[in-house]
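Student: Here is my input, please return the structure:
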Amino acid sequence: MPENQFSQAETHPIALAPHAKQALRTVHARDVDEHAGNLTNWEQRYDQITCGAFEGVLNEWHSTGLQIFHEGASRAIRQSCRVWSDAFWFGLEARPAGMRINGRQVGADIMMVRPGGCEFELVTPDLHDIYGIVLQRDVLQTMAARLGCETDWNRIGNAEMLNVEHDALDNCRKQIAALLRLAGDAHGSTANAALQLRQEAVLVSLLALLDVSQVEAEAGASFLRRRRIVNDARAYAMAQQETPVTIPMLCEAVHVSRRTLQYCFEDVLGISPMAYLRSLRLNGVRRALCEGNGKQAIGDIAAAWGFANFSQFSCDYKKLFGTTPSASLQSKTRH
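Tutor: Alright, predicted model coming up:
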């Protein structure tokens, strides 16, 4: 599992109140951190890891104990995520694109699942979009009992990926898309009744997947070791935030060869160690620029994140985010 980046305080169960007239909520973002905060009642931290201006969109609909959304992003992101306690999150790629959950590659006929209150990591590629369903545990179990489904909830709660039937997975995607389209056009009591039927269709299609799903085999010892090496290397680099960390320093810190370190990062994150750690530090600078009061000099913030050469930092920053550090700071000041 990824290192904990969130508060250790207990996340209390949340009963989601429906939007007025169960309307669709659509939010656009041109900032990866803004995008991370748009999903209601999630704790998330996003780091952009591929180059270019960021654009994100979220279409979200919810009623009591249920949240359904479609999220899209133009650039690859490493995400640390946690949904509220006493719930289940189910993730379905809108189209298979090679994302990772906790470092493991997501295949074509896979549905992801994680229990609430439990941090997990996603790595999504460029031009990626995903459907999500979050259900309060008692809402899901009540629906399952009503339909006569005998689901092993402990099995589901301990899984990361479920192998599911291709046509049933495609049907679930279509039901979610249909609900979100209807919610975007919904007006009046008749539309609300139609939305209720669509909600039932989504839940029926989800439970149909769960009823015949098989848990993907647990990660083997060798993969768990590679994931641990990546997490340890990341933790070391963050602990040395003001120091430009080199590959030899990382290798010594985590007790592996250069070749092993390279292989671990490419297998778990799909990126080289130095490229990833550079993006991690650049995201840290961008976050500090956007969250600060504008009184600290850009050069001081960059230095605090281990960038000794300001000219090279500015070039790397613009290449990754498609804008200059000063433009990021000015954008924050204007808002």
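
Student: now the helices for the stretch 51-200 of the chain?
Tutor: Under the criterion DSSP state H, counting those that start in this stretch, the stretch 51-200 of the chain contains helices at 137-147, 153-157, 166-185, 188-212.

Student: Sort out which residues of the third one are buried, please.
Tutor: Burial within helix 166-185, assessed by neighbour count using 16 or more other CB atoms under 10 Å, is assigned to Ala168, Leu169, Asn171, Cys172, Arg173, Gln175, Ile176, Leu179, Leu180, Leu182, Ala183. Where you see a C-beta, it was placed from the backbone N, CA and C, and this is true even at glycine.

Student: and these as a markdown table, adding pLDDT and distance to Met161?
Tutor: Output for the buried residues of helix 166-185, formatted as a markdown table (pLDDT from 0 to 100; distance: CB to CB, whole Å):
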| residue | pLDDT | distance to Met161 |
| --- | --- | --- |
| Ala168 | 94 | 15 |
| Leu169 | 95 | 12 |
| Asn171 | 95 | 19 |
| Cys172 | 96 | 15 |
| Arg173 | 97 | 16 |
| Gln175 | 97 | 21 |
| Ile176 | 97 | 18 |
| Leu179 | 95 | 24 |
| Leu180 | 95 | 24 |
| Leu182 | 91 | 29 |
| Ala183 | 90 | 28 |
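
Student: Quickly name whichever of those is closest to Ala194.
Tutor: Minimum distance to Ala194 across these is 6.1 Å, recorded for Leu182 (CB to CB).

Student: Pull up the gap between Asp170 and Ala87, please.
Tutor: For Asp170, the distance to Ala87 (CB to CB, to the nearest Å) stands at 25 Å.

Student: same question, Arg226
Tutor: 30 Å.

Student: picking that back up, possible to save the buried residues of helix 166-185 as a markdown table with distance to Leu289?
Tutor: Output for the buried residues of helix 166-185, formatted as a markdown table (distance: CB to CB, whole Å):
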| residue | distance to Leu289 |
| --- | --- |
| Ala168 | 46 |
| Leu169 | 41 |
| Asn171 | 45 |
| Cys172 | 40 |
| Arg173 | 38 |
| Gln175 | 42 |
| Ile176 | 36 |
| Leu179 | 38 |
| Leu180 | 34 |
| Leu182 | 40 |
| Ala183 | 36 |
